[in-house]
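Visitor: quick one: sequence plus predicted model below, questions after.
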Amino acid sequence: MLISISNLTKSYKTRHGASRLTVLSDFNLDIGRGESFGFLGPNGAGKSTLIKILMDFIRYDSGTITIEGKAIASPDVRKKIGYLPENPTFYSHLTAEEILKFGGKIAGIKTKELNRRIDELLVRLNLIHAKKQKLRTYSKGMVQRTGIAYALVHDPEICIFDEPMSGLDPMGRKLISDLIIDMRNQGKTIFFSSHILSDVEKLCDRIGILNKGQLLYCGSLKDFTSNNDDIETAFVNLIETDNGKQV
């Protein structure tokens, strides 16, 4: 498996420090190379926490995580990952071109190749007309697309996106959906969280559903909706059942 997570637990101290709040509990997940995996769950389920752990931004209490059999902090691993946070933020006085040049230089891309890559991404994400505009003039959707371009500027093998469709209008969502489909066809590994279930249905080979820090389901969409429910109905029923509500 490309990404392997075993018996992962993460908790935080509560406000007064008298107890701990468990965010992830005995979490297990394997993701194969070239797979597009959708990570679902209600607000507060622990999705962003897991993504931050995968990116080595926060530490976990116990368990193991490897990517290509190596520790997630390994430089060999990190250079293969493209990451989009839930709310990408950049210096507003910079342009998209300047931001992508910064990211590309950090990744060690040579100038000629980097310039080609930047224009390719900005054309693909419908930002080429604004590449020299300050980000303070951008809409939320344009900033989101800039964040995706930044995550992809070094042509990573593994893409980890936290809510990639956030703030996008229907045209922007189609741009990103088509991009993810193309990356999947190229053999990239894509792991992303989303609340937009129709996008997940179109883009994913498998899904995982998290609630209260525990993985309730992991498998194909076909199996998940085998009772002839649509994905939204099946999702809501699963979460309500887990929450102890009458379905």
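Guide: Yep, that arrived.

Visitor: and the helices in this protein?
Guide: 47-54, 75-78, 96-106, 111-124, 140-152, 170-185, 197-203, 221-224, 231-242 (DSSP state H).

Visitor: out of these, flag the one nearest Gly32.
Guide: Among the helices of the chain, helix 170-185 comes nearest to Gly32, with 12.1 Å by C-beta to C-beta. Placement of C-beta: from N, CA and C, glycine included.

Visitor: pLDDT on the closest one, on average?
Guide: The average pLDDT within helix 170-185 is 94.

Visitor: which secondary structure elements does that helix sit against?
Guide: The contact analysis (3 or more C-beta pairs under 8 Å, 6 or more residues apart in numbering; DSSP states H and E) places helix 170-185 against helix 140-152, strand 189-193, helix 197-203.

Visitor: please identify the buried residues of the last one?
Guide: If you call a residue buried by 16 or more other C-beta atoms under 10 Å, then helix 197-203 has these buried ones: Leu197, Asp199, Val200, Glu201, Leu203.

Visitor: okay if I get those residues as TSV plus pLDDT and distance to Met55?
Guide: TSV is the format used below for the buried residues of helix 197-203 (pLDDT from 0 to 100; distance: C-beta to C-beta, whole Å):
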residue	pLDDT	distance to Met55
Leu197	90	24
Asp199	89	22
Val200	90	21
Glu201	89	26
Leu203	93	21
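
Visitor: test of understanding: give the bridge partners of the residue nearest the centre of the chain.
Guide: Residue closest to the mean C-alpha point of the chain, counted by C-alpha atoms, centre = their mean, is Phe161 at 1.8 Å. Bridge pairing for Phe161 (DSSP bridges) gives the partners Leu84, Phe192.

Visitor: list the contacts of it.
Guide: By C-beta atoms under 8 Å, 6 or more residues apart in numbering, the contact set of Phe161 is Tyr83, Leu84, Ile148, Ala151, Ile190, Phe191, Phe192, Ser193.

Visitor: kindly report the same for Gly147.
Guide: Shown in contact with Gly147 (C-beta under 8 Å, 6+ apart): Leu84, Pro85, Pro88, Phe90.

Visitor: which of those tops the neighbour count?
Guide: Leu84 (23 neighbours; other C-beta atoms under 10 Å).

Visitor: just checking, that residue touches Pro164?
Guide: Yes: with contacts counted by C-beta atoms under 8 Å, Leu84 reaches Pro164, the gap being 5.7 Å.

Visitor: pull the number of nearby residues for Ile31.
Guide: For Ile31, using other C-beta under 10 Å, the count is 24.

Visitor: okay, and the beta partners of it?
Guide: Here Ile31, judged by DSSP bridges, has bridge partners Ile3.

Visitor: so where's the protein uncertain?
Guide: Within the chain, the ranges that satisfy pLDDT under 70 run 17-18, 245-247.

Visitor: any idea how far apart the tips of stretch 9-28 sit?
Guide: This stretch, stretch 9-28, spans 10 Å end to end (C-alpha to C-alpha, to the nearest Å).

Visitor: what residues sit buried inside that stretch?
Guide: Buried residues in stretch 9-28, counted by 16+ other C-beta under 10 Å: Lys10, Ser11, Thr22, Val23, Leu24, Phe27.

Visitor: before we move on, what about stretch 57-72?
Guide: Buried-residue list, stretch 57-72, by 16+ other C-beta under 10 Å: Tyr60, Gly63, Ile65, Thr66, Ile67, Ile72.

Visitor: with stretch 208-226 instead?
Guide: Buried, per 16+ other C-beta under 10 Å, within stretch 208-226: 208-218, 221, 224-225.

Visitor: thanks a lot, see you next time.
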